[in-house]
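Novice: build the 3D model from these lines:
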Amino acid sequence: MRFQDIVFVYHLQDERQISWHGRRHAHPDGAFELHYFVSGEGSFKNGPVVWAIKPGSIHLTPPDSIHQILATNLRKPITYFAVLFDAKGDRELSALLTRATKLMEKPIDIGTSHRFFFADLLERHASSQQDLVEASRHSFMSFLYGLLAGTPSSYGAPENAHVEKAIAIMQASIEGELDLDSLCGRLGLSGEHFVRLFSQRMSMPPMRYYARLKIEAARAMLSSTNLGIQVISQKLGYASQFGFSRAFKNIAGVSPSEYRARCLQKADFT
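Specialist: Numbering: from 1, shown residues only. Got it, this is the predicted structure:
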């Protein structure tokens, strides 16, 4: 298996983004694309069928199938990951995708908490370390096998409802501020209970998760918009550009300017 591209689009609002990501297109023989929608409202045309976009849903598009993202409500912009990969010559993956394509004639709801699986997949794929690139391929194969085994369905279990609601609140508060007390108040849970519940489910405390959401959005803005770093900092609710740059480097490993420079080395929107 070979990844052709992995992209993250945060808030599909920019006219240039809408024009590119909303185009009608198909991929050649052997190329599959998986879309994972995190938030927003709109429609996804996948072959002959048009589906309403539901946060937490994934769609698999086989080769030669025309597909298109329709951003119909800019007040609730679409955020999503897309993974384009080539299965040609890979017998194991081809057999796996034959089963997955049949399973995913309709979109599958796996919940919005998979967003960091895809974020990590993107980062490993873009790494200069070949071992991490290889790890990204194995992780994705494992994810597809998990879909066939029905493992992701447990993410929507009732005991995870508070976590899913918390993630939705965090997502809606990326361009602003949110503290633990106000989050717990909206959930109707004590701080101690919520932190334990969230950490067990997501393997990190809730406010660290929220910080990563902000940096995830910053990455998308740096790579696909012309917004200045100061503007991005203000847009995401940071008190200063210095604080934003420090938070970004702590999570991404490089400064915002270095990250943007890396992205500019690639062709625009490829």
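Novice: neighbours around the nearest residue to residue 263 once chain neighbours are set aside, how many?
Specialist: Excluding the flanking residues, the one nearest residue 263 by C-beta to C-beta, 6 or more residues apart in numbering is residue 223, at 4.0 Å. All C-beta spots, glycine's among them, are computed from the backbone N, C-alpha and C. If you count neighbours by other C-beta atoms under 10 Å, residue 223 ends up with 19.
Novice: begin at 12 from now on, thanks
Specialist: In the new count, where the first residue is 12, that last one comes out as residue 234.
Novice: how near is residue 234 to residue 42?
Specialist: With the distance defined as C-beta to C-beta, to the nearest Å, residue 234 ends up 22 Å from residue 42.
Novice: same check on residue 181?
Specialist: Distance, residue 181 to residue 42, by C-beta to C-beta: 34 Å.
Novice: can you check residue 257 too?
Specialist: With distances taken as C-beta to C-beta, residue 257 is found 40 Å from residue 42.
Novice: who has more neighbours, these two?
Specialist: For the pair residue 257 and residue 42, the greater number of neighbours falls to residue 42 (18 against 12), based on other C-beta under 10 Å.
Novice: part of a strand, is residue 242?
Specialist: No - counting by DSSP: H, G, I helix; E, B strand; the rest coil, residue 242 is not part of a strand but helix.
Novice: how close does it get to residue 187?
Specialist: Distance of residue 242 to residue 187, given as C-beta to C-beta: 15 Å.
Novice: next one: residue 132
Specialist: Shown here: residue 132 relative to residue 187, a distance of 27 Å by C-beta to C-beta.
Novice: which one of those two has more residues nearby?
Specialist: Taking other C-beta under 10 Å, residue 132 and residue 187 do not tie; residue 132 has more neighbours (22 against 10).
Novice: element containing that one?
Specialist: helix 126-136 (DSSP states H and E).
Novice: could you find the closest non-adjacent residue to residue 129?
Specialist: Nearest to residue 129 is residue 92, by C-beta to C-beta, 6+ apart, at 4.0 Å.
Novice: brain fart, residue 41
Specialist: Residue 41 sits nearest to residue 99 (C-beta to C-beta, 6+ apart), 3.1 Å away.
Novice: now do residue 251
Specialist: Nearest to residue 251 is residue 244, by C-beta to C-beta, 6+ apart, at 7.1 Å.
Novice: distance of that neighbour from residue 189?
Specialist: Plainly put, residue 244 is 17 Å away from residue 189 if you go by C-beta to C-beta.
Novice: what is the subsequent helix or strand relative to the helix holding residue 132?
Specialist: helix 141-160.
Novice: what comes into contact with that following helix?
Specialist: 12-14, 69, 94, 96, 103-104, 107-108, 110-111, 114-115, 119, 121, 128, 131-132, 135-136, 138, 163 (C-beta atoms under 8 Å, 6 or more residues apart in numbering).
Novice: cheers, nothing more for now.
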